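> turn this into a structure:
(chains A, B, C and D)
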Number of protein chains: 2
Amino acid sequence: MPPIVELEAIRKAQILEASLKSIATSGCANVTMADICRSAGLSKGGLAHYYKSKNELFLAVFEEFFKRIFVRGKLTMAQYSDPLDKLLSFSWLYNADDPDALLGYPVLFDFMSIAVHDPEYRRIFHDWVNNWLVLLKEAVNEGVSSGQFKNIDADVAARAISAVYQGIATRWFLAPELHSTPWALDTLRRAVIGLLDSYQNQP
Amino acid sequence: MPPIVELEAIRKAQILEASLKSIATSGCANVTMADICRSAGLSKGGLAHYYKSKNELFLAVFEEFFKRIFVRGKLTMAQYSDPLDKLLSFSWLYNADDPDALLGYPVLFDFMSIAVHDPEYRRIFHDWVNNWLVLLKEAVNEGVSSGQFKNIDADVAARAISAVYQGIATRWFLAPELHSTPWALDTLRRAVIGLLDSYQNQP
DNA sequence: GTATAGACCGACCGCTCGGTCGGATAATAG
DNA sequence: CTATTATCCGACCGAGCGGTCGGTCTATAC
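All right, here's what the predicted structure looks like:
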């Protein structure tokens, strides 16, 4: 019997954290179970006790990661009351000193490249994006209710804003020599405001 | 001695095309040399005669692919005379029936996930993006010269437009249930126009 | 004719990695 | 105390892969 009741939860958290770091450092294709064991401070058998296969482990890692990032985004957004501020509240995604960003992008790029060929991964991506869309949609609708935004289809606008975030992020992270953080923040703001204006003026 | 003088060029093209298809189908991490040999109609030794290692082959595949896509974009853009039309001329990127798009996105996602961990891949990505930026910049500058656009920093605007293309593309390809082609085209247009307006009104 | 060299083949080698399995340890149950 | 069960270890297995290498074939050179 386990000496600690929550041992399983603790171990799984250890393993997931170690896996996340390993994946972010080396990339999914290069990470071995041995790497993760070393990073987690467990043996092969010990790890196998909690996750039966590499695929099962990786799926858990990605789900956990997406959940974490989403929760953070939700909390950050909740700190703002103005709808536009809410829509622009994800600027920590373009902060080179942010540990979530530094870990997150390598993991996200790896994830997407697998999702191209794996329906289960694509489903996770779909659900994750959908969560963001719901969040953004709420902010847009707040603006519509308050009269700050007019005649905006919140669905369409949320999709657009979310996609812009992702595009800027991709460039900012993979080609930083060409895309500075100030550029990213300025572009985000202009694009979001430009889109909102567009929806209001040409519904 | 070779019976055909350009045999090497022909074989290399065969191999690159076969590799591209294999990568797009299975993903870099899953493609084996044996797969590519089968697809190219060559033996292992025959392939090794032209490309010494898997890494060398893959680098050649990606360079060739990026070149091809860029050339197409350049030619397509040249068919338009209006600067705004030029900036919006890459809509074939959101055409689900386009073979370049269908092959291209899997390859691009794979490439980016490798680029995260490989400086040489990142350099190739950097150069590729830069080519697009030059192209877009020219179009913006045409608009500035003609007076159609005013007070626009072509550098900044080109980066923004290019990033928006990429963001929409990512969503459109990986979560098509949430992001239809009409949405992609409409969002692209609104974002580009919105950005141009923003730069003109708040330089 | 013979010699030479490019083009290509495919069996083989060596290595890596994911997964397994018998066993050790320790805490609890009875 | 013994029996049981969760936890964890690490040696081992087997499959798959990239790359090699001796050999074959063919066309050119002489």
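> so where's chain A shaky on pLDDT?
For chain A, residues meeting the criterion pLDDT under 70 lie at A:1-5.
> may I see the buried residues of the longest helix seen in it?
For chain A, the helix with the greatest residue count under DSSP state H is helix A:119-146. Of the residues in helix A:119-146, those scored as buried under the neighbour-count criterion (16 or more other CB atoms under 10 Å in any protein chain shown) are A:121-122, A:124-126, A:128-129, A:131-133, A:135-137, A:139-144. For glycine as for every other residue, the C-beta is placed from the backbone atoms N, C-alpha and C.
> repeat for stretch A:69-87
Buried positions in stretch A:69-87, judged by neighbour count with 16+ other CB under 10 Å: A:69, A:72-73, A:77, A:83-84, A:86-87.
> can you pull out the helices in chain A?
If you assign secondary structure with DSSP H, the helices in chain A sit at A:7-26, A:33-40, A:44-50, A:54-78, A:83-87, A:99-115, A:119-146, A:154-174, A:181-201.
> not counting the second one itself, show me its contacts.
Residues lying outside helix A:33-40 but in contact with it, judged by CB atoms under 8 Å, 6 or more residues apart in numbering or on different chains, are A:14-15, A:17-19, A:21-22, A:26, A:43-44, A:46-47, A:54, A:57.
> and that helix with helix A:7-26, angle?
Taking axes from the mean of the first three to the mean of the last three CA atoms, to 10 degrees, one finds that helix A:33-40 is oriented at 120 degrees with respect to helix A:7-26.
> around DNA strand D, pick out the residues from chain A.
Taking CB under 7 Å from any atom of the strand as the criterion, chain A approaches DNA strand D at residues A:1-2, A:7-8, A:11, A:41-46, A:48-50.
> out of those, which is most surrounded?
Counting neighbours by other CB atoms under 10 Å in any protein chain shown, the top entry in the residues of chain A next to DNA strand D is A:R11, with 20 neighbours.
> give me the nearest residue to that residue, chain neighbours excluded.
A:Y50 (5.6 Å; CB to CB, 6 or more residues apart in numbering or on different chains).
> what do you get for A:K12?
A:Y50 (5.7 Å).
> A:N151 too?
In space, and not counting its chain neighbours, A:N151 is closest to A:P203: 4.8 Å by CB to CB, 6+ apart.
> ok, whatever residue of chain A ends up closest to DNA strand D - contacts?
In chain A, the residue found nearest to DNA strand D is A:G45; the distance is 2.2 Å by CB to the nearest atom of the strand. The neighbours of A:G45, taking CB under 8 Å, 6+ apart as the test, come to nothing; the list is empty.
> tell me the spacing between it and A:K52.
If you measure A:G45 against A:K52 using CB to CB, to the nearest Å, the figure is 12 Å.
> one step back: go ahead and confirm the residue nearest to A:K12 touches A:Q14.
No: between A:Y50 and A:Q14 there is no contact under CB atoms under 8 Å: 9.2 Å.
> quick revisit: just the contacts of helix A:33-40 that are near DNA strand C?
A:44, A:54.
> ok, now how distant is the residue nearest to A:K12 from A:G41?
Summarising the geometry, the distance separating A:Y50 from A:G41, computed by CB to CB, is 13 Å.
> what does A:N130 give?
Distance of A:N130 to A:G41, computed by CB to CB: 36 Å.
> repeat that for A:D85.
The gap separating A:D85 from A:G41 is 42 Å, by CB to CB.
> same deal with A:P83?
For A:P83, the distance to A:G41 under the criterion CB to CB works out to 46 Å.
> with A:D153 instead?
With distances defined as CB to CB, the gap from A:D153 to A:G41 amounts to 51 Å.
> likewise for A:H126?
Distance, A:H126 to A:G41, using CB to CB: 35 Å.
> same check, this time on A:L102
Distance, A:L102 to A:G41, using CB to CB: 22 Å.
> A:G27 too?
Noted for A:G27: a distance of 22 Å to A:G41, by CB to CB.
> swap in A:S198?
Look at A:S198 and A:G41: by CB to CB, they are 53 Å apart.
> same question, A:Y51
Distance from A:Y51 to A:G41, counting by CB to CB: 15 Å.
> what comes into contact with stretch A:195-203?
Outside of stretch A:195-203, the residues that reach it under the criterion CB under 8 Å, 6+ apart are A:84, A:149-153, A:156-157, A:160-161, A:164, B:187, B:190-191, B:193-194, B:197.
> ugh, typo on my part, it should be stretch A:130-137
Identification of contacts with stretch A:130-137 by CB under 8 Å, 6+ apart yields A:70, A:73-74, A:77, A:87, A:154-155, A:157-159, A:161-162, B:178.
> pick out whichever of these sits closest to A:D98.
Distance from A:D98 was checked for each of the contacts of stretch A:130-137 by CB to CB. The minimum falls on A:G73, at 12.1 Å.
> and the residue lying closest to that closest one once chain neighbours are set aside, how many neighbours?
Taking CB to CB, 6+ apart as the measure, A:G73 lies nearest to A:F90, with 5.8 Å between them; neighbours along the chain are not counted. When counting by other CB under 10 Å, one arrives at 21 neighbours for A:F90.
> is it true that A:F90 touches A:Q79?
No: with contact defined as CB under 8 Å, A:F90 and A:Q79 do not form a contacting pair (11.8 Å).
> check contacts around A:C28.
A:58, A:110, A:114, B:29, B:113.
> hang on, the earlier thing: got TSV for the residues of chain A next to DNA strand D, with distance to B:M33 too?
Putting the residues of chain A next to DNA strand D into TSV (distance: CB to CB, whole Å) gives the following:
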residue	distance to B:M33
A:M1	50
A:P2	47
A:L7	44
A:E8	42
A:R11	39
A:G41	36
A:L42	34
A:S43	33
A:K44	29
A:G45	33
A:G46	35
A:A48	30
A:H49	36
A:Y50	35
